[in-house]
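> Let's see this in three dimensions:
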Amino acid sequence: VLRDFNYVDDVIDAFFLLVSSEINGQIYNLGCCLGKSGIENPIGNNLITIRKLAEFIVNIAKKGQIKIISYPTERESIEPGHFAADITKIHTELGWKPKTSLIEGIKKTIDFHSKDYKNQTISIIHFLNLKKQHDFLKPEIENAINKVIENSNFILGEEGKLFEQEFANYCNRKYGIGVNSGTDALKLALKALDIKTSDEVIIPVNTAIPTAMAIKDIGAEPCFVDINENYLIDVNKIELAINEKTKAIIPIHLYGQSCDMDRILEIARKYNLIVIEDCCQAHGTTYKNQKVPISETGCFSFYPSKNLGALGDGGMIITNNEDIKNKLTLLRNYGQKDKYNADILGINSRLDELQAAILRVKLNHLDNFNERRRKIAFLYNNLLKKLDPKYIKLPNYNSEHIYHLYVIRTRERDSLMNYLKEKNINTLIHYPIPLHLQNAFSYLGHKIGDFPNTEKFSQEILSLPMYPELKEHEVRKVCQEIKSYFNC
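Numbers count the residues shown, from 1 in each chain. This next block holds a predicted model:
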């Protein structure tokens, strides 16, 4: 770890980063101060050099190595105070006076971090903490909300129109049609593409319930297909599920990774099937450097926990097809082209102005949030990669993945989940009961053994904490506890 230490807390931060990690390295202090340290008499001399401070920390922690690299001769005349923390200056200018000596403060800090990493006394590590993001965005969100209140146009107004276009542009598509949920986005897309009663729609059996419910809600039937090692629809099994009733395929970009769209579109063309992409966990996911949806139509959810989440429900259909866009515009608003003039049968499913305004704020930060998720996923993989694969399977790191979820697999899932809970680490399962084993779909007549990969993985998958504001030391603690569980 190479740092140019300017302040006392720089030294401490870098030191704890090093000693709490598995990285081999040293802390280098670029500067050699020869002034009085203040270590021997912290009350009588408030000046402490960075060199002495670093030595003191290493001595207390009994870990670490310091190398001193002197400045060039022409810079040796610089006053020692330029490289020191002067408590007197802080007291004079800010009126702040320490309640304890510097030495005692450092000892307490080291003791705190030792407990933090070794005895696990820090607070709960949440699976998701939306408050942190909203605290960060609070001024922008409040301004957006106030603007809507000031205009007092709450349904199908300017904010909704702007967000529809902005999110369509983000996805490199022409049109966005805002609706009140991801479920309605799927349902209305199916209607707009003329999926009818008793038609069959192919979906992976490992997914959230709403995808199948949207199909059933318009009178069609879900047709389940097993998944591959990456938890996505197994493209090699799609053709086996196609029959004369099959009219569409809904590939689901689960956990933030994209399906094999080339192969899926090839099959769709071969059998003349409609493709509607479920992008509800894939805001910003790319496939061969192109943002999803890859096909003509994709559906998004803005449920609060999504990578792009509202402060309530919301959804959108993205398309390049103007006819589909026009039909969806009617379907979401009672079938009305004009007020009190219904051209077709429709429903009430509209993205309100408040949610649209909030989502416009968050969209500006989405790429940064996604990149932060990738960095967290990379750190998880790096810290857990030495675990024997017989204990745990990690997701493959992929720069096109946006890591809505970070999902590992282990045969000891339930036991590990309980262990982590005891250590104040929250985890979840996505998803514990496959669709074909849900009571709601028992009428389809499936039984245990019909979809072996999904059934096996549902007993092993575990989603670790993942959100952009998750701290590095929290990720390290999660990994430390997983390794402790497996005695590694």
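
> all helices for the stretch 351-488 of the chain, in order.
For the stretch 351-488 of the chain, helices defined by DSSP state H, counting those that start in this stretch occupy the ranges 353-363, 366-384, 413-422, 452-458, 472-485.

> most tightly surrounded among those helices?
helix 353-363 (a mean of 23; mean count of other Cβ atoms under 10 Å). Placement of C-beta: from N, CA and C, glycine included.

> what does that helix contact?
With contact meaning Cβ atoms under 8 Å, 6 or more residues apart in numbering, helix 353-363 is reached by 137, 140-141, 144-145, 147-148, 151, 153-160, 162-164, 166-167, 170, 178, 302, 308-314.

> So what sits opposite the residue lying closest to residue 268 once chain neighbours are set aside in the bridge?
Once flanking residues are discounted, residue 268 sits nearest to residue 275: 4.9 Å by Cβ to Cβ, 6 or more residues apart in numbering. Residues in a beta bridge with residue 275, per DSSP bridges, are residue 249.

> ok, residue 275 - contacts?
248-251, 264-265, 268, 295-297.

> In CSV: those, plus pLDDT, neighbour count and distance to residue 469.
Below are the contacts of residue 275 laid out as CSV (pLDDT from 0 to 100; neighbours: other Cβ atoms under 10 Å; distance: Cβ to Cβ, whole Å):
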residue, pLDDT, neighbour count, distance to residue 469
248, 98, 22, 38
249, 98, 28, 36
250, 98, 25, 32
251, 98, 31, 30
264, 98, 23, 34
265, 98, 17, 37
268, 98, 19, 39
295, 98, 18, 33
296, 97, 17, 35
297, 98, 25, 33
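
> Just the closest of the residues you listed to residue 188, please.
residue 297 (10.5 Å; Cβ to Cβ).

> Name the nearest residue to that closest one, ignoring sequence neighbours.
residue 319 (4.7 Å).

> what's around the one you found, how many residues?
When neighbours are counted by other Cβ atoms under 10 Å, residue 319 registers 26.

> what about it, distance to residue 380?
With distances taken as Cβ to Cβ, to the nearest Å, residue 319 is found 35 Å from residue 380.

> same thing with residue 201?
34 Å.

> got it, and residue 129?
In terms of Cβ to Cβ, residue 129 sits 17 Å off from residue 380.

> now do residue 157
With Cβ to Cβ as the criterion, residue 157 and residue 380 are 42 Å apart.

> same question, residue 295
31 Å.

> Likewise for residue 422?
From residue 422 to residue 380 the distance is 20 Å (Cβ to Cβ).

> related to what we said a few turns ago, out of the contacts of helix 353-363, name the ones that lie in strands.
Residues of the contacts of helix 353-363 located in strands (DSSP state E): residue 178.

> So for the closest residue to residue 124 other than its chain neighbours, what's the pLDDT?
Excluding the flanking residues, the one nearest residue 124 by Cβ to Cβ, 6+ apart is residue 424, at 4.5 Å. With respect to pLDDT, residue 424 scores 97.

> Low-confidence regions, this protein specifically.
The model of the chain has pLDDT under 70 over residues 1-51, 53, 68-122.

> could you redo the last one with a cut-off of 80?
Along the chain, the model assigns pLDDT under 80 to residues 1-122, 488.

> Pull out the buried residues from the helix ranked longest in it.
The residue-count maximum for a helix in the chain (DSSP state H) belongs to helix 130-151. Of all the residues in helix 130-151, those buried under the rule 16 or more other Cβ atoms under 10 Å are 133, 137, 140-141, 144-145, 148.

> can you list contacts of the helix or strand encompassing residue 191?
Secondary structure assigned from DSSP states H and E places residue 191 in helix 182-192. By Cβ under 8 Å, 6+ apart, the residues outside helix 182-192 that reach it are 177, 179, 201, 210-211, 213-215, 217-218, 220, 248, 250, 276, 278, 280, 297, 299-303, 315-317, 324, 327-328, 331-332, 347, 349.

> quick check: angle from the longest helix of the chain to helix 353-363?
Relative orientation of helix 130-151 and helix 353-363, computed by axes from the mean of the first three to the mean of the last three Cα atoms, to 10 degrees: 130 degrees.

> Distance from the chain centre to helix 130-151, please.
21 Å (Cα atoms, centre = their mean, to the nearest Å).

> could you say what helices and strands that helix packs with?
For helix 130-151, the packing partners by 3 or more Cβ pairs under 8 Å, 6 or more residues apart in numbering; DSSP states H and E come out as helix 158-170, helix 353-363.

> JSON lines for these, including distance to residue 239?
JSON lines is the format used below for the helices and strands packed on helix 130-151 (distance: least, Cβ to Cβ, whole Å):
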{"stretch": "helix 158-170", "distance to residue 239": "32"}
{"stretch": "helix 353-363", "distance to residue 239": "38"}
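
> What about the residue nearest to residue 392 when sequence neighbours are not counted, how many residues nearby?
Nearest residue to residue 392 in three dimensions, chain neighbours excluded: residue 410, at 4.7 Å (Cβ to Cβ, 6+ apart). If you count neighbours by other Cβ under 10 Å, residue 410 ends up with 21.

> Kind regards, and thank you for your time.
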